[in-house]
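> Next come a sequence and a model predicted from it.
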Amino acid sequence: MIAVPCKNSRGLNSEIEEHFGRAKFFALVEVEGDKIKGVDFLEAPAEHSPGELPEMLRKRGVEVVLAYGMGPRAIQLFKSYGIRVVTGAKGEVGEVVEKFVKGELEIEKDWMLKGGFKRHEHWI
């Protein structure tokens with residue numbers, strides 16, 4: 001199961017939310033091999049405390065999170081749960097997941113240097 005933070009819930013055409021913690025929805029994409037088997041959406045709580053989203057996704061059986069930007073605390077929590085985090089992913093859910101499972105996903109490595117992420121640049 002792959003989770004992707006989204007701005008909307010338009011199926012595989014949903015756009016990835018740049019800020020993980022601000023996502024209104026999470027696409028939960030079931031994959032088998034390098035094929036997408038299905039997608040479901042989970043609405044994010046309007047307000048949440050630190051660590052709540054990683055725990056929520058862990059309980060749903062998520063093994064990988066594909067995101068654009070994410071703070072270090074969330075990344076560490078996911079890692080402590082054994083969940084792989086890939087940051088720098090942008091675009092539409094279906095395309096990003098397909099490229100990821102085929103090993104073809106190109107990520108933006110300097111995402112921390114943009115916009116509201118500059119405070120995380122010491123992680124690079």
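Okay, I see it.

> Now do stretch 105-113: distance from first to last residue.
Using CA to CA, to the nearest Å, the end-to-end distance of stretch 105-113 comes out at 20 Å.

> for stretch 80-92, same thing?
End-to-end distance of stretch 80-92: 27 Å, with CA to CA as the criterion.

> And that stretch, what's buried?
Neighbour-count burial for stretch 80-92 flags 83, 85, 86, 87, 88, 89, 90, 92 (criterion: 16 or more other CB atoms under 10 Å). (C-beta placed from N, C-alpha, C; glycine too.)

> Run through the strands of the chain in chain order.
According to DSSP state E, the chain carries its strands in the segments 2-6, 25-32, 35-43, 64-66, 84-86.

> okay, those, which one's buried deepest?
strand 2-6 (a mean of 27; mean count of other CB atoms under 10 Å).

> that older thread, got CSV for the buried residues of stretch 80-92, with distance to residue 17 too?
Listed next are the buried residues of stretch 80-92 as CSV, based on distance: CB to CB, whole Å:
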residue, distance to residue 17
83, 18
85, 15
86, 15
87, 12
88, 14
89, 11
90, 10
92, 12
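
> Looking at the residues you listed, spot the one nearest residue 5.
Comparing these against residue 5 with CB to CB places residue 89 closest, at 9.8 Å.

> for the closest one, what are its contacts?
Residue 89 makes contacts with 4, 16, 66, 67, 68, 96, 100, 105, 107, 108, as judged by CB atoms under 8 Å, 6 or more residues apart in numbering.

> Cheers, nothing more for now.
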